[in-house]
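1. for reference, the sequence and a predicted model appear below.
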Amino acid sequence: MTPLAELRRRVKREAPFIGAKPYSHNIVRLTLAQIAEDHSRAEANRAVRDFNLESKGFNTEPENE
């Protein structure tokens, strides 16, 4: 299991390049999926909000499923 702080750093590093660099969107999407699987969907949603990813096309997911 990858530490949450490391996954969040990856999202933070790639977020500014979504839509500008190839693969950044995919890296962020896969990292958010890993956060949800390893830590919780609530943590993945927090990353979406903290890094303003909604403005880049990402959505929060229901946390009770």
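-> Looks like it came in fine. Numbering: from 1, shown residues only.

2. so where's the protein shaky on pLDDT?
-> In the prediction, the chain carries residues with pLDDT under 70 at positions 65.

3. can you show me the helices along it?
-> With DSSP state H, the ranges of helices along the chain come out as 4-14, 24-38, 41-50.

4. please point out which parts of the longest one sit buried.
-> This points to helix 24-38. Residues of helix 24-38 classed as buried: 24-25, 27-29, 31-32, 34-36 (neighbour count, 16 or more other CB atoms under 10 Å). The way it works is simple: take the backbone N, C-alpha and C, and place the C-beta from them, glycine included.

5. state the number of residues packed around G19.
-> Other residues lying near G19 total 9 when counted by other CB atoms under 10 Å.

6. ok, now how distant is it from V28?
-> Using CB to CB, to the nearest Å, G19 is found at 11 Å from V28.

7. ditto for P16
-> In this view, P16 and V28 are 10 Å apart by CB to CB.

8. S24 and K12 touch, don't they?
-> No - S24 is not in contact with K12 according to CB atoms under 8 Å; the separation is 11.8 Å.

9. can I get the helices of the chain in CSV including distance to N64?
-> Formatted as CSV, the entries for these read as follows, by distance: least, CB to CB, whole Å:
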stretch, distance to N64
helix 4-14, 20
helix 24-38, 13
helix 41-50, 9
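
10. of all these, which one is nearest N59?
-> Between N59 and those, the tightest spacing by CB to CB is seen for helix 41-50, at 7.2 Å.

11. how far off centre is the closest one?
-> In terms of CA atoms, centre = their mean, to the nearest Å, the centre of helix 41-50 is found 7 Å from the chain centre.

12. what does that helix rub up against?
-> With contacts defined as CB atoms under 8 Å, 6 or more residues apart in numbering, helix 41-50 is touched by 4, 7-8, 11, 32-33, 35-36, 53-54, 58-63, 65.

13. out of those residues, which are buried?
-> Using 16+ other CB under 10 Å as the burial test, the contacts of helix 41-50 include 4, 7-8, 11, 32, 35-36, 53, 58, 60 as buried.

14. for the residue nearest to A36 when sequence neighbours are not counted, the count of nearby residues, please.
-> Distance criterion CB to CB, 6 or more residues apart in numbering; nearest residue to A36, sequence neighbours excluded, is A44 at 3.9 Å. Summarising burial for A44: neighbours were counted as other CB under 10 Å, giving 23.
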